[in-house]
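Colleague: what shape does this take:
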Amino acid sequence: MTVAVGDEPVVGLEGFGGLVLKPGDAGYEEERRVHNGLIDKRPALIAQARGVADVVAAVNLARERGLELSIRGGGHNVSGKAVTEGGLMLDLSLMKGIHVDPAARTVRAQGGVLWGELNRETQLHGLAVTGGVISSTGIAGLTLGAGLGWLLPSQGFAADNLVSVQLVTADGSVLTASESEHEDLFWAVRGGGGNFGVATSFEYRLRPVGPLVTGGMIIHPFDAARDVWRGFGELTADLPDELMTVAGLVHAPDGSGMKVCGILVCHVGSPEQAERDLAPILGLGEPIATEVGPIPYSVMNTLLDEAYPKGSLNYWKSSFMRTVPDEAIDIAVEAFARSPSPMSGMILEHFHGAVTRVPVTATACPHRDEGYNFLATSVWTDPADTEANVAWTRELFEALEPFFTGRRWLNYLGEDDMASASLDAAYGPNQERLAQIKVAYDPTNLFRLNLNVEPAA
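Modeller: Numbering: from 1, shown residues only. Next comes the predicted model:
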């Protein structure tokens, strides 16, 4: 296939089995859009791969012609680095193969698979692996950034459950990274983001989960938010591995715009254990609604979908907190009271259990401390409101900064954070080793649209 970038013909995609889109082609406008409507970039070329050979061809073309290369899996990442301005966007969304081996309790899935799709297949066998909390999130970006979700305390990160990853590296090689092959690369892709190649498939260990778990949301009036968050901090000091909890200041899901304080729970143990373990949380304060009970695990992973509709404008800020002191709670509550958008919110994701029992240097992701991942999510639909929503988020983050540890979750970094956040905040003591591995697999830094680890000098 011969295509053109600008006025210059480009030869290099002969035999390409997928779709190639240029500006003006039918489908181009839709395919260049990602989940975050704030991102508005125009690739010179979109290559939608159908298989690994297509990925190799696209990587070779980008390297040989000096094109900026972006990789799109699910297109959910808030920073929008899945889209290049004027370069080659390699889109994996057509690569949807999933194979579950229920006897071995493993699943292999291609890089274009979404978590809802993976859960649908694994739950046929009552099996699961840690995945995202929004079902339309891609498995590739989430896992390469380590990957948190409802199974975090019982199974650790998604990356902690990897058996192997198939990658196309910068020179066009197809490699399998595992504990026994390219061990250094396997270490790096478990939390090092998209710095080392195009992940064309992932093999995960699965564990029995569901199909029914105990989960849902407890909604408190906003006036009680300070007491609820304080109580949440006390109750999370001693939780079992089977229970994942998230506290939030959010707007009511009925679309009324009413501000509320919510707690989401997911318990993967027996109904009897869930009843015991959830009793203190269910007994906290006087909720206005409690919707917790038996729920399919695959449905649990959709509860937040409507809060983050595709095409809405998103601006996020996040960082870790060891504790949530009263002063920080006061700042958060007062800020939420003047939130400029009825779609915005802030959440505390509690880290405990299996994820904290892995050494900091065992994988590229260093975030293993017990505590909380604080995330402020500004979401709105009218571009005229962008300045107010961005300003609100930045002011909140700045006010809470004294309470942060300085560590930041890779997959929550926005576009401006990619330029300003330090590598130390995301990679901690692992950044030097990542830079050395980068030399071996991407010495020219072809894969640079990410929180970039430059090759060591």
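Colleague: what about residue 136, which SS state?
Modeller: What DSSP: H, G, I helix; E, B strand; the rest coil gives for residue 136 is coil.
Colleague: got the end-to-end distance for stretch 83-94?
Modeller: With Cα to Cα, to the nearest Å applied, stretch 83-94 spans 16 Å between its terminal residues.
Colleague: tell me which residues in that stretch are buried?
Modeller: Neighbour-count burial for stretch 83-94, counted by 16 or more other Cβ atoms under 10 Å, picks out 83-84, 87-93. Every residue, glycine included, has its C-beta placed from N, CA and C.
Colleague: mind saving the C-alpha coords of the helix or strand containing residue 320 as PDB?
Modeller: Assigned by DSSP states H and E, residue 320 falls within strand 313-321. C-alpha atoms of strand 313-321 as PDB (Å, rounded to 0.1, in the frame of the first residue of the first chain):
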ATOM      1  CA  LEU A 313     -13.800  17.500  28.500                       C
ATOM      2  CA  ASN A 314     -11.500  16.200  31.300                       C
ATOM      3  CA  TYR A 315      -8.700  17.800  33.400                       C
ATOM      4  CA  TRP A 316      -7.300  15.700  36.300                       C
ATOM      5  CA  LYS A 317      -4.800  16.100  39.100                       C
ATOM      6  CA  SER A 318      -3.700  13.400  41.500                       C
ATOM      7  CA  SER A 319      -1.200  12.500  44.100                       C
ATOM      8  CA  PHE A 320      -0.700  10.000  47.000                       C
ATOM      9  CA  MET A 321      -1.500  10.700  50.700                       C
END
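Colleague: what helices or strands is it leaning on?
Modeller: Where contact means 3 or more Cβ pairs under 8 Å, 6 or more residues apart in numbering; DSSP states H and E, strand 313-321 is packed against strand 371-380, helix 386-400.
Colleague: most tightly packed of the ones you listed?
Modeller: strand 371-380 (a mean of 23; mean count of other Cβ atoms under 10 Å).
Colleague: using PDB, list the CA coordinates for that strand.
Modeller: Only the C-alpha atoms of strand 371-380 are listed here, as PDB (Å, rounded to 0.1, in the frame of the first residue of the first chain):
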ATOM      1  CA  GLY A 371      -2.500   5.000  52.000                       C
ATOM      2  CA  TYR A 372      -4.700   6.800  49.500                       C
ATOM      3  CA  ASN A 373      -4.500   7.900  45.900                       C
ATOM      4  CA  PHE A 374      -6.300  11.300  45.700                       C
ATOM      5  CA  LEU A 375      -7.700  12.200  42.400                       C
ATOM      6  CA  ALA A 376      -9.600  15.400  41.400                       C
ATOM      7  CA  THR A 377     -11.500  14.900  38.200                       C
ATOM      8  CA  SER A 378     -12.900  18.000  36.400                       C
ATOM      9  CA  VAL A 379     -15.400  16.900  33.800                       C
ATOM     10  CA  TRP A 380     -17.500  19.300  31.700                       C
END
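Colleague: tilt between it and helix 386-400?
Modeller: 160 degrees (axes from the mean of the first three to the mean of the last three Cα atoms, to 10 degrees).
Colleague: who's in contact with strand 371-380?
Modeller: 148, 307-308, 312-324, 340-341, 343-351, 367, 386, 389-390, 392-393, 396-397, 400, 404-405, 409, 412 (Cβ atoms under 8 Å, 6 or more residues apart in numbering).
Colleague: note down every partner strand of it and its orientation.
Modeller: strand 313-321 (antiparallel), strand 345-351 (antiparallel) (DSSP bridges).
Colleague: now residue 195: how far from residue 215?
Modeller: 34 Å (Cβ to Cβ, to the nearest Å).
Colleague: nope, residue 378 is what I meant
Modeller: Here the criterion is Cβ to Cβ. By it, residue 378 lies 26 Å from residue 215.
Colleague: residue 389 now?
Modeller: 30 Å.
Colleague: just to revisit the earlier point, mind checking which of the strands paired with strand 371-380 is nearest residue 226?
Modeller: Residue 226 lies closest to strand 345-351 among the strands paired with strand 371-380, at 13.5 Å (Cβ to Cβ).
Colleague: got the contact list for the closest one?
Modeller: 148, 152-153, 229, 232, 236, 239, 244-251, 307, 321, 324, 332, 335-336, 339, 367-377, 379, 396.
Colleague: could I get that strand in PDB with only the CA atoms?
Modeller: C-alpha atoms of strand 345-351 as PDB (Å, rounded to 0.1, in the frame of the first residue of the first chain):
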ATOM      1  CA  GLY A 345     -15.600  15.200  41.700                       C
ATOM      2  CA  MET A 346     -12.700  14.000  43.800                       C
ATOM      3  CA  ILE A 347     -12.000  10.500  45.100                       C
ATOM      4  CA  LEU A 348      -9.700   8.700  47.600                       C
ATOM      5  CA  GLU A 349      -8.700   5.200  46.400                       C
ATOM      6  CA  HIS A 350      -7.400   3.200  49.300                       C
ATOM      7  CA  PHE A 351      -4.300   1.100  48.900                       C
END
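Colleague: one step back: would you mark the buried spots in the helix or strand that the strand holding residue 320 is followed by?
Modeller: Next helix or strand after strand 313-321 toward the C-terminus (DSSP H and E): helix 326-337. Within helix 326-337, the residues that qualify as buried by neighbour count (16+ other Cβ under 10 Å) are 328-329, 331-333, 335-336.
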